[in-house]
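A.B. asks: compute the structure for the input listed below.
(chains A and B)
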Amino acid sequence: MTVAEAPVDREVDALEATPEFEAAAERQESRRGFLMALPAYAYLVLFFAVPLVIVVVYSFATRNRFGGTDLSGWNLDSYAKLGEPIVRDILFRSVWLALITTVICLVIAYPFAYFLATRSPAIRNVMLVFVMIPFWTNFLVRNYAWRVILGNDGPLTRTTEAIGLGEQELLFSQTAVVLGLVYGFLPFMILPLYAAIERIDHGLLEASRDLYANGYQSFRRVLLPLSMPGVIAGSILVFVPSLGAYVTPEILGGAKTTLLGSYIVTQFLTARNWPLGASLSFVLMAIMLVTTIIYFRKGGRTL
Amino acid sequence: MSSEEQVIAGDSQTPTAAVTITGITKRFGDVVAVDNIDLEIADGEFFAMLGPSGCGKTTTLRMIAGLDFPTEGSLKIFGDEVGTLPPNKRPVNTVFQNYALFPHLNVIDNVAFGLRMQGISRTTARAQAAELIELVQLTGLETRKPSQMSGGQQQRVALARALVNHPKVLLLDEPLGALDLKLRQEMQGELKKLQKELGISFVFVTHDQEEALTMSDRIAVMDEGKLLQVATPEEIYEHPANRFVADFIGQTNLLDGTVENNDTVCLANGARVSAASSFAAGEKVAVSLRPERARIQKRGAASDGAAVDGVVESMTYLGNARVYNIKLDWMDLEVREENRPGATLHAPGAEVTISWDATAVSVVAD
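C.D. replies: Here you go, the predicted model:
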């Protein structure tokens, strides 16, 4: 048997082996599945696809003198504005901070997820609960808590002063924003990583060691490639919300560190330039879409 | 005589032992997985470690591989102490129970893995891997992923992946356990042949006594972390060291009794049967009577050697043989009779006499 005519995987193999009446039963099952998914489809079309189209339409519209939007005279003016230094800087800064946040989350979460995945089930569950506990408190409240911690007279500055490092003012800086984002989104990195690593047969790591891999090679050549779906999923889950983050930069960032999320809100509510806000939103979604497609491509290959 | 003496004596005390295990104990918390064993595996030997699950055979193998470290004792590979060396620093490779093939690599990269980790260039490693793939008859499947292969093919990949590194000792952890019977028998022959060709020692862990008997030069029988007997298949089958070994290797009937003298044992029902042994008089023993060594005859027919009376309870037809379940007053017996033309059939309920030659049984410590 040549490679070309070989079954691609076991599932295909199983399908080929299925007699005709069973295949018919499967088709019927898939029709029933579609019916069951219908409410979700309807919801998505109504509350996601339609608003998305509205956003796209507005991004080509014109802002009139009174802060309203004329749905006529379609043009690309608002997209041209994206090239202006102020907008461009915000765009780059947002992508950069989201990237840093993702990398820091990855570096912190990976060893933790590995540790978690190699514990006994009882310990795992307890530790997973600890990972989730922050979600029980409102996101806004948690961000304000950081404001207290990092603030002028907060525990952090007091500690640095006490040990002679002087007054370390972190609040209203990019560092504070990244800190807040990492804190907020770390669980989104830990959970997919844990799920991916937990699935990996520990025997594969032993096999690699038996085949002369040292600890690092075993990680690099076996553990990392096999946990790649988790790495990519976690990275997307952290990168995407970090890129569009609004609450954390608003509360912990200063005026000098405006990010995309805040800028879009300003366009809609203060500057009343809906077309620019819409085009920015659309670009943001496009970036997220591209990263997600990369994820599915990569994930599909390694899974 | 005791089983321990036999263990220490061993059979082949060659000067270049591939693996020398001295006083090794492995504890996991309070559990003693391997209990103070001594073992010497000769170079070029097909060595089986046999026992029920949890007997410590796999732990012993893992200690040789370096995947577990002994709590106490010394472990040498070709004279070098390897006690706590990590697996990548040992001249041994393993074929794992579920093969543990890397799912993200295709066949050739799986096989080339060990060479690549040793710093050999990709081209050279792949060329050498291709040779091994040919050896295990998988040429043409180099670009397949493990998930696209059958169990038997995966098994061959695992074998090639280990052998490509020219290990001094190949360790195999139940390598045939996941295969169906026919394929298993085929692979048994191939493994044996391969081992002869390569001339290195294969250390083979199995719970299948038949597999151990067919393939090995020597067998170590383990139970509850202890080494019970190390000997050739024939020696183990003919002269089991104790009750457990007799019962575990092949089928047997164990008739409890007391030694009367060098060639007589008094059975539990008071019958005296001749059975040669070197136990002291008065010692509690069991007479191990293999089903195929017992003769079944109609009650009353003259019989030589030792005999007991019983009643046929049931018969199982196996095609090439019939197995009778015989009810004695104090125990049940299994008797196997080859399906030869003219063999007398014994219906359930028939009164029969079971007899055997004094030399056909072995007497084992209780």
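A.B. asks: tell me where the stretch 101-250 of chain B has strands.
C.D. replies: Counting by DSSP state E, counting those that start in this stretch, the stretch 101-250 of chain B has strands at residues B:169-173, B:201-206, B:218-223, B:226-231.
A.B. asks: partners of the third one in the sheet?
C.D. replies: Same thing as strand B:218-223. Strand pairing for strand B:218-223, using DSSP bridges, gives strand B:46-50 (parallel), strand B:226-231 (antiparallel).
A.B. asks: who in the stretch 151-300 of chain B is up against chain A?
C.D. replies: Counting by Cβ under 8 Å from any Cβ of the partner chain, the residues of the stretch 151-300 of chain B lying close to chain A are B:161-162, B:165. Where you see a C-beta, it was placed from the backbone N, CA and C, and this is true even at glycine.
A.B. asks: quick check: longest helix of chain B.
C.D. replies: The single longest helix within chain B, with elements called by DSSP state H, is helix B:181-198.
A.B. asks: re the thing from before, just say which of the strands paired with strand B:218-223 is most tucked in.
C.D. replies: strand B:46-50 (a mean of 26; mean count of other Cβ atoms under 10 Å in any protein chain shown).
A.B. asks: next SSE after it?
C.D. replies: helix B:57-65 (DSSP states H and E).
A.B. asks: for the record, mean pLDDT for that following helix?
C.D. replies: For helix B:57-65, mean pLDDT is 96.
A.B. asks: redo the strands paired with strand B:218-223 as a markdown table? Include mean pLDDT and distance to residue A:143.
C.D. replies: Putting the strands paired with strand B:218-223 into a markdown table (pLDDT from 0 to 100; distance: least, Cβ to Cβ, whole Å) gives the following:
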| stretch | mean pLDDT | distance to residue A:143 |
| --- | --- | --- |
| strand B:46-50 | 96 | 61 |
| strand B:226-231 | 96 | 63 |
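A.B. asks: want to try JSON lines for the ones you listed, with distance to residue B:78 as columns?
C.D. replies: Below are the strands paired with strand B:218-223 laid out as JSON lines (distance: least, Cβ to Cβ, whole Å):
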{"stretch": "strand B:46-50", "distance to residue B:78": "15"}
{"stretch": "strand B:226-231", "distance to residue B:78": "19"}
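A.B. asks: which one of those strands lies nearest to residue B:28?
C.D. replies: Ranking the strands paired with strand B:218-223 by their distance to residue B:28 (criterion: Cβ to Cβ) puts strand B:226-231 first, at 16.1 Å.
A.B. asks: so how far is that closest one from its chain's centroid?
C.D. replies: The chain centre lies 11 Å from the centre of strand B:226-231; the measure is Cα atoms, centre = their mean, to the nearest Å.
A.B. asks: now swap in stretch A:141-160 and tell me
C.D. replies: On Cα atoms, centre = their mean, the centre of stretch A:141-160 falls 26 Å from that of its chain.
A.B. asks: with stretch A:213-224 instead?
C.D. replies: 26 Å.
A.B. asks: mind listing what's buried in that stretch?
C.D. replies: A:213, A:217-219, A:221-223 (16 or more other Cβ atoms under 10 Å in any protein chain shown).
A.B. asks: tell me what the helix ranked longest in chain A is packed against?
C.D. replies: Ranked by number of residues, the top helix in chain A under DSSP H is helix A:85-117. Applying 3 or more Cβ pairs under 8 Å, 6 or more residues apart in numbering or on different chains; DSSP states H and E, one finds that helix A:85-117 makes contact with helix A:121-132, helix A:174-199, helix A:224-243, helix A:260-269, helix A:274-302.
A.B. asks: beyond the worst-scoring helix or strand of chain A on mean pLDDT, next helix or strand please.
C.D. replies: Using mean pLDDT, DSSP states H and E, helix A:10-17 stands out as the lowest-scoring helix or strand of chain A, at a mean of 48. Using DSSP H and E, the helix or strand that follows helix A:10-17 towards the C-terminus is helix A:20-44.
A.B. asks: so how far is the helix or strand that that following helix is followed by from its chain's centroid?
C.D. replies: Heading C-terminal from helix A:20-44, the first helix or strand you meet, by DSSP H and E, is helix A:50-59. Its chain's average C-alpha position is 23 Å from that of helix A:50-59, according to Cα atoms, centre = their mean.
A.B. asks: so for the helix or strand hosting residue B:75, what gets flagged as buried?
C.D. replies: Element membership for residue B:75, per DSSP H and E: strand B:72-77. Residues B:73, B:75-77 are the ones in strand B:72-77 that count as buried (16+ other Cβ under 10 Å).
A.B. asks: spatially central residue for chain A, please.
C.D. replies: Among the residues of chain A, the one closest to the centroid is residue A:237, at 2.3 Å (Cα atoms, centre = their mean).
A.B. asks: from residue A:67, how far out is that residue?
C.D. replies: According to Cβ to Cβ, to the nearest Å, residue A:237 and residue A:67 sit 36 Å apart.
A.B. asks: what sits closest to residue B:336 if chain neighbours are left out?
C.D. replies: Using Cβ to Cβ, 6 or more residues apart in numbering or on different chains and skipping residues adjacent in sequence, the residue nearest residue B:336 is residue B:291, 3.8 Å away.
A.B. asks: state the number of residues packed around that neighbour.
C.D. replies: Neighbours of residue B:291 under the rule other Cβ atoms under 10 Å in any protein chain shown: 18.
A.B. asks: repeat for residue A:232
C.D. replies: Close neighbours of residue A:232, defined as other Cβ under 10 Å, add up to 21.
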